[in-house]
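*Asks:* Predicted structure and sequence below. I'll ask about it afterward.
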Amino acid sequence: MPGSPHADAAQAWARRYFGGVFLGDELVRCGHAVLAVDAIGWGSRSRPGLAAELDHPDVAALIAPHPLLRFGSPEDSLFPFDAVQAAARQLAPAWRAAPQLFEFAATPGGHRFDLAAQQRAWGWLQDPDARRQASLRL
């Protein structure tokens, strides 16, 4: 509801980290599925249940060989870049048969998905020709 404290906080969050764009809404409008998980502690086993047995990279690898584009920033204070890179290395073998379907992109600016990163992601999502051809060979 516009003008509510929750809506105002959401808008402020979107402006601060996403250039004012509500990414989930945009992705759904373009026909993509969106799953946002609580990713605090990416690569750690600090919670009970499935997370005690599997790290986020283990769960993310379950979508292979479908395309996966991941971003990480050396300046990110929430996700240490060495852990993000380790997660990318852990994920990569799941796409061994089609490495062009897996991409890891380092971005500047810390924990944000700014308009430049969004443009890169949109281009990657909207130009699937090379990835589609690779998928046909799997």
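*Replies:* Received it, and whenever you're ready, just let me know what you need. Residues are numbered from 1 along each chain as shown.
*Asks:* Please count neighbours and contacts with C-alpha atoms only from this point.
*Replies:* OK.
*Asks:* Return the set of buried residues in the helix of greatest length in the chain.
*Replies:* For the chain, the longest helix by residue count, based on DSSP state H, is helix 5-18. Neighbour-count burial for helix 5-18 flags 11, 14, 17-18 (criterion: 16 or more other Cα atoms under 10 Å).
*Asks:* Let me know the closest of those to Ala98.
*Replies:* Phe18 (30.0 Å; Cα to Cα).
*Asks:* The closest one touches Leu115, doesn't it?
*Replies:* Yes. Using Cα atoms under 8 Å, Phe18 is in contact with Leu115, at 6.8 Å.
*Asks:* Okay, now the unreliable bits of the protein?
*Replies:* Residue ranges of the chain with pLDDT under 70: 1-2, 32-52, 128-138.
*Asks:* those helices in it, which residues are they?
*Replies:* Using DSSP H, helices in the chain cover 5-18, 23-29, 50-53, 56-60, 81-91, 115-126, 129-136.
*Asks:* Out of those helices, the one nearest His66 is which?
*Replies:* Judging those by Cα to Cα, what sits closest to His66 is helix 129-136, at 7.7 Å.
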